[in-house]
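Visitor: fold the stuff below for me.
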Amino acid sequence: MTDDTPPPALFRDPMLLRMLAFGFFSGLPLPLSIFTLQQWLTVSGVSVRGASRTAWLGLPYTLEFVWAPLFDRAPPRWAARLGRRRFWLLAIQPMLALACVALALSDPSRNVALTAAAAGAVALCSASQDIVINAWRIETFPQARQGVALAAYIWGYRTAMFVSGAGAIALSVYAGWHVALLAVAGLLALAPLLTLATPEPVLAAEAPHPPGLLAGINHALITPLMEFLRRRRAAEILALVVLYRLGKVFADNTAASYYHQALGFSSLVVAQANFVPSLAGTYGGAAFGGWLVVRIGTMRALLLTGTVQALSLGLYLVLLAVPHPWMLDVKVGGEYFAGGAADAVFLAFISLLCAREYTATQYALLSSLAAVALHSISGVAGDAVAALGWAKFYAATMLGGIPALVLALHLRRYFKIDDPAPSPGATIG
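Guide: A predicted model of the protein is given here:
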């Protein structure tokens with residue numbers, strides 16, 4: 001993937017429209033266990049330490065490869081007509097909507113543990129839905145059309161994140177948090193209608209699957225993992241995957257508390273900044289990152305966008321010096337542009353690491369590994385703020401990008417993927 005521009009035939013192709021819609025329903029729950037939830041907790045009086053620890057609620061997105069083999073199992077005989085992918089989606093999607101209702105009806109000012117439990121259930125169901133939707137995409141579209149299918153998915157996914165992120169926060173100002181989250185739950189309740197209107201992949205029921213649970217786990221996880229680990233410099237590659245977003249995820253995990261507690265911005269101001277500026281920044285940055293991959297090659301683009309991403313965190317310090325809403329817009333737009341470019345290049349990088357025979361599984365493993373920092377160690381970001389203060393903390397997040405850049409510079413000498421159009425399954429020389 002090198003461009004997030006929607007394909008010209010998007011609105012004339014029913015299958016691409018379904019992919020767009022699946023992307024929307026896939027992206028809708030994500031902010032409910034991260035940014036939107038942190039906003040709600042912050043305005044409800046939860047400390048920056050407590051709000052930052054909600055990063056741990058997103059662990060299902062990191063560990064989804066563990067139970068992914070379950071969704072390759074055939075449906076029960078009574079549901080055979082639905083097909084494997086549609087059966088599992090219809091099993092997951094109602095539970096996802098109900099978990100969102102439970103979250104909406106909770107009250108973090110009275111029982112934050114109950115709110116956290118409901119948000120964790122949303123994350124678990126959402127990660128499960130992502131597994132099945134990605135499987136449906138891979139099995140439905142031929143290799144030549146995977147790029148346009150993924151572009152449609154990303155447009156739907158990111159649009160949904162703005163709806164349940166900035167949109168839900170803005171609605172909470174006028175109607176309250178319960179109404180805002182119930183509105184998101186109402187949208188999620190429509191997902192089964194899409195699933196019922198979507199054809200089952202023709203080859204899904206015929207995909208080979210080893211008999212027995214242990215054989216299935218070995219086929220789905222162990223073999224692809226061992227193939228990767230046997231490569232030269234595999235440990236250094238995995239370290240780069242984990243560390244590439246380290247500084248950014250620490251900064252992102254404290255942003256809600258920073259805006260409200262340190263700078264005194266209202267929820268409406270934050271929502272406005274996280275709508276147009278973030279939308280323009282994300283799409284512009286992603287397109288720029290894709291262009292860089294084509295023009296200068298993957299590793300050079302990885303180094304450049306990683307550097308820009310680290311420098312963009314300095315905008316937190318600029319905002320601290322100039323705490324005005326217009327500067328918040330500049331900060332959000334600039335940071336999202338840098339993050340969008342870095343994400344586009346990073347996804348191209350991990351895609352190129354996947355061997356052809358294990359593309360889907362190795363991509364899931366690598367993308368899950370990349371989320372480790374977001375959903376685990378960034379949970380102590382609030383403790384770091386308490387120890388360092390806001391200014392020193394954000395200066396430290398800028399420095400947090402250095403280890404990944406050093407690794408990328410080191411590995412560039414060994415990678416054979418600086419060609420602007422390399423083949424999948426890049427190797428180390």
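
Visitor: report the residue ranges of every domain in this structure.
Guide: 1-209, 212-429 (automatic domain parsing).

Visitor: can you lay out those domains as a markdown table showing mean pLDDT and mean neighbour count?
Guide: Placement of C-beta: from N, CA and C, glycine included. Listed next are the domains of the chain as a markdown table, based on pLDDT from 0 to 100; neighbours: other CB atoms under 10 Å:
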| stretch | mean pLDDT | mean neighbour count |
| --- | --- | --- |
| domain 1-209 | 82 | 19 |
| domain 212-429 | 78 | 19 |
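
Visitor: what sits closest to L114 if chain neighbours are left out?
Guide: Leaving aside its chain neighbours, L114 sits nearest to S106 (5.0 Å; criterion: CB to CB, 6 or more residues apart in numbering).

Visitor: the one you found against G120, yeah?
Guide: No - in this structure S106 lies outside contact range of G120 using CB atoms under 8 Å: 11.6 Å.

Visitor: surely V132 touches G83?
Guide: No - V132 sits out of contact with G83 when judged by CB under 8 Å, with a separation of 11.2 Å.

Visitor: list the residues that contact Q93.
Guide: Contacts for Q93 (CB atoms under 8 Å, 6 or more residues apart in numbering) come out as F25, Q129, L188, A191, P192, T195.

Visitor: measure it to S128 for me?
Guide: Noted for Q93: a distance of 10 Å to S128, by CB to CB, to the nearest Å.

Visitor: what's the span of stretch 68-83 from first residue to last?
Guide: 17 Å (CA to CA, to the nearest Å).

Visitor: three-state assignment of the nearest residue to Q39 once chain neighbours are set aside?
Guide: Leaving aside its sequence neighbours, Q39 sits nearest to A256 (CB to CB, 6+ apart; 4.9 Å). Classification of A256 by DSSP: H, G, I helix; E, B strand; the rest coil places it in helix.

Visitor: also I350?
Guide: helix.

Visitor: got it, and the one 4 residues further on?
Guide: Secondary structure for C354, judged by three-state DSSP, is coil.

Visitor: wait, doesn't it sit right on L366?
Guide: Yes - in this structure C354 lies within contact range of L366 using CB under 8 Å: 7.3 Å.

Visitor: which elements pack onto whatever helix or strand T36 lives in?
Guide: Per DSSP states H and E: T36 is located in helix 35-43. On a contact count with 3 or more CB pairs under 8 Å, 6 or more residues apart in numbering; DSSP states H and E, helix 35-43 meets helix 48-52, helix 112-140, helix 168-175, helix 255-257, helix 267-273.

Visitor: residues contacting G400?
Guide: L246, G247, F250, A310.

Visitor: could I get the residues you listed as TSV with secondary structure and distance to R53?
Guide: Converted to TSV, the contacts of G400 look like this (DSSP: H, G, I helix; E, B strand; the rest coil; distance: CB to CB, whole Å):
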residue	secondary structure	distance to R53
L246	helix	17
G247	helix	19
F250	helix	13
A310	helix	25
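
Visitor: I'd like these laid out as a markdown table, including distance to A79.
Guide: What follows is the contacts of G400, written out as a markdown table (distance: CB to CB, whole Å):
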| residue | distance to A79 |
| --- | --- |
| L246 | 43 |
| G247 | 46 |
| F250 | 44 |
| A310 | 49 |
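
Visitor: I'd assumed Q38 was in contact with the residue nearest to Q39.
Guide: Yes - A256 is within contact range of Q38, at 3.9 Å (criterion: CB under 8 Å).

Visitor: which two in the contacts of Q93 are spaced the farthest apart?
Guide: Checking these against each other with CB to CB, the farthest-apart pair comes out as L188 and T195, at 12.1 Å.

Visitor: is it fair to say P75 lies in a helix?
Guide: No - P75 is assigned coil when assessed by three-state DSSP, not a helix.

Visitor: just give the nearest non-adjacent residue to G120, would you?
Guide: Closest to G120 by CB to CB, 6+ apart is L57, at 4.8 Å.
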